[in-house]
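Chemist: sequence first, predicted coordinates after that:
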Amino acid sequence: MLLSMPDIASRADIATVVNAFYSKATRDPLIGYLFEGLDLEAHLPTMHDFWENILFRTGAYKGGMMYKHLALNARKPLRPEHFERWLELFTATVDEHFAGENAEIAKQYARSIAQTMLSRIVEPTGLPMAFLDAKMR
């Protein structure tokens, strides 16, 4: 008898995914070095807030995700394969722990985030982000 996996239903579930993901990502041969110097213990609650806001619209996350990654790119240039690997690891981590509507939404948002960051950081057009955001509406 196959047991079905639960869906992401709480902040604790989000913490399970985020913590497991960072455990993999920080050791990954391709992207692990990008996390060197990161205070993971301080960073994890922020990421829990971020994903809790994405999935449950809590308003918990107050941050500038794009600017933090632009600063990272200035120190350690990001490449398309970094975003591809991040997405692979994140998607696999979600799939290892959860299945259901919220798990699928998390993976969809992860794909969107990876594509947005790739286009704005690695392949920038030179146009201001506000202009690009306005064009998308």
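Modeler: Received, thanks.

Chemist: spatially central, which residue of this protein would that be?
Modeler: Geometric centre of the chain, nearest residue: Ala110, 5.5 Å, by C-alpha atoms, centre = their mean.

Chemist: that one and Thr91: what is the separation?
Modeler: According to C-beta to C-beta, to the nearest Å, Ala110 and Thr91 sit 6 Å apart. In this view, the C-beta of every residue, glycine as well, is placed from N, C-alpha and C.

Chemist: again with Leu34
Modeler: 18 Å.

Chemist: same question, Arg120
Modeler: 21 Å.

Chemist: more neighbours: Leu34 and Thr91, which one.
Modeler: Leu34 (21 against 17; other C-beta atoms under 10 Å).

Chemist: what is the neighbour count of Glu84?
Modeler: 14.

Chemist: my read: it touches Ala114, true?
Modeler: Yes - between Glu84 and Ala114 there is a contact at 7.5 Å, judged by C-beta atoms under 8 Å.

Chemist: element containing the residue nearest to the centre of the chain, please.
Modeler: According to DSSP states H and E, Ala110 maps onto helix 101-117.

Chemist: run through who's touching that helix.
Modeler: Residues from elsewhere that reach helix 101-117, judged by C-beta atoms under 8 Å, 6 or more residues apart in numbering: 7-9, 17, 51, 54-55, 65-66, 69, 78, 83-84, 86-87, 90-91, 94-95.

Chemist: got the buried residues for that helix?
Modeler: 102-103, 106-107, 110, 113-114, 116-117 (16 or more other C-beta atoms under 10 Å).

Chemist: before we move on, back to that, from the contacts of helix 101-117, which would you call buried?
Modeler: 8, 17, 51, 54-55, 69, 78, 83, 86-87, 90-91, 94.

Chemist: just those residues: which are in helices?
Modeler: 17, 51, 54-55, 69, 83, 86-87, 90-91, 94 (DSSP state H).

Chemist: quick one: neighbours of Leu89, just the number.
Modeler: Neighbour tally, Leu89, other C-beta under 10 Å: 20.

Chemist: that one against Ala25, yeah?
Modeler: Yes - using C-beta under 8 Å, Leu89 is in contact with Ala25, at 5.5 Å.
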